[in-house]
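Engineer: what follows is a predicted structure for the sequence shown.
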Amino acid sequence: VCFYPIERVGKIYSILKHTSHNGYPVIKQSGVLQGLILRSQLITLLKSKKAFQNVCQHVQGCPNVSLNEFGKYYPRYPDVDTVNLDNSDKSKFIDLTYYMNLTPFIIQQNATGDRVFRLFRTMGLRHLPVVDEKSHVVGMITRRDIVKMEAGGSESVVHHMTSNFIPETDVELVDIQEDTPMKTPELLP
């Protein structure tokens, strides 16, 4: 599951309700990795509502949500069920650019399992986006994947770990309030 740099609040909320992932790649329309955002960051943005905007465009200037707000919940971040949004909130947008990690560690899809393991161990990673030669996101490796790999004693390649990954940028999500399909917004170039 991937997000675009500018996303509809309702889509973010729906994805958080229906998935348990803790890290999400942020991609450009072309599929090229732009950054990584954490579940805890998204929930903080939804709860504060300060980053909501009525138009689908990049926000110039300083971010609306301070670092203090992100630290307020640390280390026990609230669950998405504690977020209260009305229908007008769900139709707004959030520019994720100011809040995501713009330089996450990444790994090429043809890397070995040993290389992945060393990178996780030495850097203390929790999420590792997998990209192809053109920096398109083709997968995500988590600590759970590393544990599975070690338990099996496999020297499998990253491709095997991510073979079922499909970036779900055009997934039809259901609006929980209205029980109707939601569409991903068309973003400005």
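Structural biologist: Sure, I can see it. Numbering: from 1, shown residues only.
Engineer: what are the ranges of the helices in this protein?
Structural biologist: All helices of the chain, identified by DSSP state H, fall at 9-18, 39-48, 67-72, 87-90, 113-123, 143-152, 158-161.
Engineer: check which helices and strands the second one sits against.
Structural biologist: When contacts are defined as 3 or more CB pairs under 8 Å, 6 or more residues apart in numbering; DSSP states H and E, helix 39-48 packs onto helix 9-18, strand 23-27, helix 67-72. Backbone N, C-alpha and C define where each C-beta goes, glycine included.
Engineer: who's in contact with the second one?
Structural biologist: Contacts of strand 23-27 from elsewhere in the structure, counted by CB atoms under 8 Å, 6 or more residues apart in numbering, are 1-5, 15, 33-39, 42, 96, 100, 126-127, 129, 136-137, 140, 142, 167, 169.
Engineer: rerun that using 7 Å as the cut-off
Structural biologist: 1-5, 33-38, 96, 100, 126-127, 129, 137, 140, 167, 169 (CB atoms under 7 Å, 6 or more residues apart in numbering).
Engineer: looking at the helices of the chain, which one has the lowest mean pLDDT?
Structural biologist: Note on the helices of the chain: lowest mean pLDDT is at helix 158-161, with a mean of 49.
Engineer: appreciated, that's everything.
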